[in-house]
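# predicted coordinates and the sequence they were generated for:
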Amino acid sequence: MPPVRCFTCGKPLGHLWRAYWDRVKSGEDPGRALDELGVRRYCCRRTLMTSITYAEHLSKYYSLTRESFIGAGEER
């Protein structure tokens, strides 16, 4: 889940997340992307740079299906 606000100063950051993430994924330097987006405070930069989209990481390992959930613990 992307950050909505900086955890330290409270500055809104949610509107910058998609632009930042797209730039970094395309290969741009994260520091340069933040500079161009106008993120100057080190606390805000840290918040954006260290945010992890857990859903994308967990989806690689999560393979629970409806059948395995309903039939958990039952022999077939």
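Yes, it's here.

# could you use CA atoms for every contact and neighbour count after this?
Fine.

# just the helices from this protein, written as ranges.
Under the criterion DSSP state H, helices of the chain are mapped to 17-25, 30-37, 42-49, 54-58, 66-70.

# nearest to Arg5, of those helices?
helix 42-49 (8.3 Å; CA to CA).

# where does the chain have its least confident helix or strand?
None of the helices or strands of the chain scores lower by mean pLDDT, DSSP states H and E than helix 66-70, at a mean of 56.

# coming back round to it: out of the helices of the chain, which is the most enclosed?
helix 42-49 (a mean of 17; mean count of other CA atoms under 10 Å).

# returning to that earlier point: out of the helices of the chain, flag the one nearest Gly10.
helix 42-49 (8.7 Å).

# can you list contacts of that closest one?
With contacts defined as CA atoms under 8 Å, 6 or more residues apart in numbering, helix 42-49 is touched by 3, 6-9, 11, 13, 17, 30, 34, 39.

# drop anything exposed from these.
Neighbour counting with 16 or more other CA atoms under 10 Å marks 3, 6, 13, 17, 30, 34, 39 as buried within the contacts of helix 42-49.

# of these, closest to Ser51?
Pro3 (7.0 Å).

# quick check, that closest one in contact with Leu13.
Yes. Using CA atoms under 8 Å, Pro3 makes contact with Leu13 at a distance of 6.6 Å.
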